[in-house]
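Q: next input, structure requested:
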Amino acid sequence: MKKILIFAACTALLASCGSKNQYVIEGKVEGSNAMVYLFDQQDNILDSAAVKEGAFRFKGTAEEPQMALLRDARDESATFVALLLLEPGTIQVNDDPENPMRKRVTGTPANDASTLYNDTAYQLITEFRDSSTTEERRAAIEKEYADLAHVAVEQNRNNIFGAMLLADQMSYELSGQELLDQIAQFSPEMQKTKILTDLKAHAETKLKTDVGQPFIDVVAADADGKEITLKSVVENPANKYVLLDFWASWCGPCMGEVPHLKQTYDEFHKKGFEIFGYSYDSDRDSWLRAIDNNQMNWIQVSSLNGFDNQSAKDYAIQGIPSNFLIDSEGKIVAKNLRGEDLYNKIAELLK
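A: This is a model prediction of the structure:
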């Protein structure tokens, strides 16, 4: 009898552990194809279900909360795509009467938070574009929109939506230490998830490139195939400040920064300002054409291998444009100076 009771207790424990991460997805959509598929972030199929009179149902288990995509075809013939956050509970997928292009995903904390965030963002954008909206209100909307992710992260420290927002929307603008501080505010359970353990590893690398840290050398070839080191440029007595600038010809925001780079370079180069441009282009002709057409007459190098290079790893580059201002002693004194901020900073330092 004792063995039976022990076996029963263990079975109940295993059952409760197994059901802890179970999810159910119930959907009701109009005009769907005959099958719906659940994909992970690598576009692998996790599950599929038949659609009957617009309705479908999945049941599964996630080892930990994760993002997934639901669509009704394996290829471009899909009539809809919906982002789901897999977590314990019943997730509801329904048509959105106000926006036929999207589906409403609700029913669990992370999915409810995601839908609320998207609804709020959509409302702000719609109001901003309304011709009757005053300029004063538009300015307020811009601030509300900019603060939206920060507010949502604070409200979702115990679910994957908050972690996803931190990783995708906020991590670029935060220093390594600020990012570590943000991660530490999540629940212990969430800190164990892959999305936050990966983000923590990224933050620890990024910590090495925070303001005040010594620069990390970069080595790459110029247009003539000659290898140039960042170290040689920083240690050149003529250079008081060197801007390590990561860019690419295909990057719209990068090209939008070129007028500011040119203005600063033209005015302060003779006073000790240099730019070490590292392109994340893969096509040599596109790289050189952008330099020539835009008269980017400063040091230009590239491995012509996109983001697959040592500098992207060393400087924890998630996106471009990214830049690091280095003084003559080899210390990083500023980073991600955009627009007029670059000119103003150099003017202040070389006044």
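
Q: what pLDDT does the residue positioned nearest the centre of the chain get?
A: With distances taken as Cα atoms, centre = their mean, residue 168 lies nearest the centre of the chain, 3.1 Å away. On pLDDT, residue 168 comes in at 91.

Q: same thing with residue 11?
A: Residue 11 is given a pLDDT of 37.

Q: one more: residue 233?
A: Residue 233 is given a pLDDT of 98.

Q: that one and residue 274 touch, don't they?
A: Yes: Residue 233 lies in contact with residue 274 (Cβ atoms under 8 Å); the separation is 6.0 Å. From N, CA and C alone the C-beta is placed, and that goes for glycine too.

Q: tell me where the stretch 151-300 of the chain has strands.
A: 219-221, 227-229, 241-247, 273-279, 299-302 (DSSP state E, counting those that start in this stretch).

Q: quick one: residue 73 from residue 81, how far?
A: Residue 73 sits 10 Å away from residue 81 when distances are taken as Cβ to Cβ, to the nearest Å.

Q: can you check residue 253 too?
A: 26 Å.

Q: of these two, which one has the most company?
A: residue 81 (14 against 11; other Cβ atoms under 10 Å).

Q: okay, and the beta partners of the more buried one?
A: Counting by DSSP bridges, residue 81 is bridged to residue 71.

Q: on that earlier part again, overlap in contacts of residue 233 and residue 274?
A: 239, 242, 299 (Cβ atoms under 8 Å, 6 or more residues apart in numbering).

Q: of those, which is the most crowded?
A: Going by other Cβ under 10 Å, residue 242 tops the shared contacts of residue 233 and residue 274 with 25 neighbours.

Q: could you double-check that it sits in contact with residue 233?
A: Yes: the criterion here is Cβ under 8 Å, and residue 242 meets it with residue 233 at 5.4 Å.

Q: what do the two both touch?
A: Shared contacts of residue 242 and residue 233, counting by Cβ under 8 Å, 6+ apart, come down to 274, 276.

Q: OK, contacts around the closest residue to residue 105 other than its chain neighbours?
A: With sequence-adjacent residues excluded and distances taken as Cβ to Cβ, 6 or more residues apart in numbering, residue 105 is closest to residue 111, at 4.8 Å. By Cβ under 8 Å, 6+ apart, residue 111 lies in contact with 84, 85, 87, 91, 105, 161.

Q: give me the buried entries from the residues you listed.
A: With neighbours counted using 16 or more other Cβ atoms under 10 Å, the contacts of residue 111 contain these buried positions: 84, 85, 87, 91, 105, 161.

Q: what about those residues, which are in strands?
A: 84, 85, 91, 105 (DSSP state E).

Q: my read: the second one touches residue 108, true?
A: So that's residue 85. Yes: counting by Cβ under 8 Å, residue 85 touches residue 108, with 7.2 Å between them.

Q: now for these two: what residues contact both?
A: Common neighbours of residue 85 and residue 108 (Cβ under 8 Å, 6+ apart) are residue 91.

Q: which residues touch residue 155?
A: 113, 162.

Q: for it, give its distance to residue 162.
A: 7 Å.

Q: now residue 335
A: 25 Å.

Q: swap in residue 49?
A: Counting by Cβ to Cβ, the gap from residue 49 to residue 162 is 29 Å.

Q: looking at those two, which one has more neighbours?
A: residue 162 (25 against 17).

Q: that one and residue 117 touch, don't they?
A: No: contact criterion Cβ under 8 Å: residue 162 and residue 117 do not qualify, at 10.1 Å.

Q: now the common contact residues for the two.
A: residue 152.
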